[in-house]
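>>> I'd like to go over a predicted model; first the sequence, then the structure.
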Amino acid sequence: MFNNNLESKGIAYVRRALGLSLREAATLSGISHEQIRRLEAGVDRPRPETKELILRAYSDMAADKLQVATKIIDEIAAIYHAA
């Protein structure tokens, strides 16, 4: 059993912060939801290439959410300034 709590909890924390289920994270990363669950639980040690897939997927998701949030803020600002 691997059980590096910091790394395991970090993977889980970011997934949850992005509002992703295990299955959604699996779809985005190309890794099975069971493997992600095992990594988050500290049962398995993530290989560097596995970490890279997860981090790339989460990074892309965060960038997409930031872009959407920026558009919403811009639209609200335009409405506010037009009033």
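Received it, and whenever you're ready, just let me know what you need. Just so you know, these numbers come straight off a predicted model, no measurement behind them.
>>> so the residue nearest to Glu40 when sequence neighbours are not counted is in which element?
Leaving aside its chain neighbours, Glu40 sits nearest to Ala12 (4.0 Å; criterion: CB to CB, 6 or more residues apart in numbering). Placement of C-beta: from N, CA and C, glycine included. Per DSSP states H and E, Ala12 falls inside helix 5-17.
>>> So which bits of that helix are buried?
For helix 5-17, a neighbour-count test (16 or more other CB atoms under 10 Å) marks 7-8, 11-12, 14-15 as buried.
>>> ok, now which ones touch Met61?
Residues near Met61 by CB atoms under 8 Å, 6 or more residues apart in numbering: 18, 20, 28.
>>> Can you lay out the residues you listed as a markdown table showing pLDDT, distance to Ala41 and neighbour count?
Below are those laid out as a markdown table (pLDDT from 0 to 100; distance: CB to CB, whole Å; neighbours: other CB atoms under 10 Å):
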| residue | pLDDT | distance to Ala41 | neighbour count |
| --- | --- | --- | --- |
| Leu18 | 91 | 19 | 17 |
| Leu20 | 93 | 16 | 19 |
| Leu28 | 93 | 19 | 18 |
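>>> and of those residues, the nearest to Arg56?
Closest approach to Arg56 among these (CB to CB): Leu28, at 9.0 Å.
>>> ok so, going back, same for the helix holding Ala12, what does it pack against?
helix 33-40, helix 48-82 (3 or more CB pairs under 8 Å, 6 or more residues apart in numbering; DSSP states H and E).
>>> buried stuff in the shortest one?
Read that as helix 33-40. Going by neighbour count (16+ other CB under 10 Å), the buried part of helix 33-40 is 35-36, 38-40.
>>> Check the longest one too.
Within helix 48-82, the residues that qualify as buried by neighbour count (16+ other CB under 10 Å) are 50, 53-54, 57-58, 61.
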